[in-house]
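S.K.: dropping the sequence and predicted coords here.
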Amino acid sequence: MVVSPDHGLYPLFRDADAAAVFFLDLHARCYDLALLFFAVSIFALGHLVLCSSGFPRILGLALIASAPVYVAGSLLRFFAPGLLGLFQPAYVVPLVAETAFALHLLFKGPDGAVRR
């Protein structure tokens, strides 16, 4: 976003650096808010994978285990931002789970899938 005298936000930000910092912080907060909704989605995907006979059960359990990590990280951003840095290593759980799921889909696919 360009902050110029013609723009309505100009009185709020006297310099571009202050505007950049403000919007970067706003982006981080909105991203973490969106992760709450993504947690619901990843939980549902994990449940579907767990109930499916086409995927290993461990993938479904790993995806389900990712949901609380996203919820906790989002809530920490809003209610205890000082603890967020200590919680960051927990994001290894979703990283491993989602990477394993993607690689399984890429190289093996669901069991019983027709290959051409």
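M.R.: In hand now; what should we look at? Numbering: from 1, shown residues only.
S.K.: can we go C-alpha only for contacts and neighbour counts from here?
M.R.: OK.
S.K.: stretch 47-67: how far from the chain's middle?
M.R.: 18 Å (CA atoms, centre = their mean, to the nearest Å).
S.K.: next, the distance between the ends of it.
M.R.: End-to-end span of stretch 47-67 (CA to CA, to the nearest Å): 11 Å.
S.K.: secondary structure element for Arg29?
M.R.: Element membership of Arg29 [criterion: DSSP states H and E] is helix 16-51.
S.K.: pLDDT on that helix, on average?
M.R.: Taken as a whole, helix 16-51 has an average pLDDT of 92.
S.K.: which neighbouring elements make contact with it?
M.R.: Counting contacts by 3 or more CA pairs under 8 Å, 6 or more residues apart in numbering; DSSP states H and E, helix 16-51 packs against helix 57-79.
S.K.: on that earlier part again, how about the helix holding Arg29: buried residues?
M.R.: 19, 32-33, 35-36, 39-40, 42-44, 46-47, 49-50 (16 or more other CA atoms under 10 Å).
S.K.: count of residues packed around Ile64?
M.R.: 25 (other CA atoms under 10 Å).
S.K.: quick check, it in contact with Leu48.
M.R.: No. Using CA atoms under 8 Å, Ile64 is not in contact with Leu48; the gap is 9.9 Å.
S.K.: run the chain-centre distance for the helix holding Arg29.
M.R.: 5 Å.
S.K.: stretch 70-89 too?
M.R.: For stretch 70-89, the distance to the chain centre is 13 Å (CA atoms, centre = their mean).
S.K.: kindly export that stretch (C-alpha atoms) in CSV.
M.R.: Taking Å, rounded to 0.1, in the frame of the first residue of the first chain, the C-alpha atoms of stretch 70-89 are listed here in CSV:
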residue,chain,number,x,y,z
TYR,A,70,-2.4,-24.2,15.4
VAL,A,71,-5.0,-23.3,18.0
ALA,A,72,-2.5,-22.9,20.8
GLY,A,73,-0.2,-20.7,18.6
SER,A,74,-3.0,-18.5,17.6
LEU,A,75,-4.3,-18.0,21.1
LEU,A,76,-0.8,-17.3,22.4
ARG,A,77,-0.4,-14.6,19.8
PHE,A,78,-3.5,-12.8,21.1
PHE,A,79,-3.4,-13.6,24.9
ALA,A,80,0.2,-14.2,25.8
PRO,A,81,2.5,-12.9,23.0
GLY,A,82,5.5,-13.1,25.3
LEU,A,83,5.3,-16.9,25.3
LEU,A,84,4.9,-17.3,21.6
GLY,A,85,8.7,-17.6,21.1
LEU,A,86,8.8,-20.6,23.5
PHE,A,87,6.0,-22.3,21.6
GLN,A,88,7.5,-21.9,18.1
PRO,A,89,9.3,-25.3,18.2
